[in-house]
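Participant: Mind looking at a prediction? Sequence and model below.
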Amino acid sequence: MSNRTLTIIKPDAFGSGKSGKIIAHLEAAGFKIVAARVMRLTDATAGEFYAVHRERPFYGSLVKFMTSGACMPMVLEKANAVAELRKAIGATDPAEAEAGTVRKLFAESKERNAIHASDSDENAERESRFFFAESELLAAR
Ligand code: CMP
């Protein structure tokens, strides 16, 4: 699974019509789309996805934001995908993100930061299976 990672174009970016530009940016950076869908998270699914942040002060606000509109989970493929995608999207806070990164270009704030990326191969696998069935993960093989 080391050549795959999970991303989500978050409701701020999807709702303001930036998904096409973000996908073009990621494809230009060498990522291939293995699986993708448009969906709206519920309190239950967003809460489960972000369970690791449950004790953080921003958890309630994060779940509210992530359920505020449609989002676009995608499994992406590239050599060393997890590290490469984190490099391509930049720091959590767009104010701290490097020039040319997705968050610098498209994010609004530390919370409304346009895009998610898995932080390890283990989480990439877990998060991919959270959104996609086995049959959907076969695409680019
Ligand atoms: P991400 O790293 O994809 O996953 C956790 C999310 O929580 C993060 O993106 C932001 O959307 C949000 N987040 C992280 N830190 C903060 C913070 N200090 N204040 C508000 N939201 C945050």
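Facilitator: Great, that's in hand. Residues are numbered from 1 along each chain as shown.
Participant: where are the low-confidence patches of the protein?
Facilitator: Low-confidence segments of the chain (pLDDT under 70): 1, 140-141.
Participant: can you list the residues of it near the ligand?
Facilitator: Residues of the chain lying near the ligand by Cβ under 6 Å from any ligand atom: 53, 58, 62, 92, 110-111, 113, 116. Backbone N, C-alpha and C define where each C-beta goes, glycine included.
Participant: among these, which ones are buried?
Facilitator: Buried members of those, scored by 16 or more other Cβ atoms under 10 Å, are 62, 111, 113, 116.
Participant: Switch the residues of the chain next to the ligand over to JSON lines; also include secondary structure.
Facilitator: Shown next, in JSON lines, are the residues of the chain next to the ligand (DSSP: H, G, I helix; E, B strand; the rest coil):
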{"residue": "53", "secondary structure": "helix"}
{"residue": "58", "secondary structure": "coil"}
{"residue": "62", "secondary structure": "helix"}
{"residue": "92", "secondary structure": "coil"}
{"residue": "110", "secondary structure": "coil"}
{"residue": "111", "secondary structure": "coil"}
{"residue": "113", "secondary structure": "coil"}
{"residue": "116", "secondary structure": "strand"}
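Participant: Tell me the one of the residues you listed nearest residue 17?
Facilitator: Among the residues of the chain next to the ligand, residue 113 lies closest to residue 17 (Cβ to Cβ), at 16.9 Å.
Participant: rewinding a little: and the buried ones among the residues of the chain next to the ligand, which two are furthest apart?
Facilitator: Of all pairs drawn from these, the greatest distance, 11.8 Å, lies between 111 and 116 (Cβ to Cβ).
Participant: where along the chain do the helices fall?
Facilitator: Taking DSSP state H as the criterion, the chain contains helices spanning 11-15, 19-28, 43-49, 59-66, 81-89, 102-106, 121-131.
Participant: of those helices, which approaches residue 3 most closely?
Facilitator: Among the helices of the chain, if distance is taken as Cβ to Cβ, the winner is helix 81-89, at 5.3 Å.
Participant: quick one, that closest one and helix 121-131 angle?
Facilitator: Interaxial angle, helix 81-89 versus helix 121-131 (axes from the mean of the first three to the mean of the last three Cα atoms, to 10 degrees): 80 degrees.
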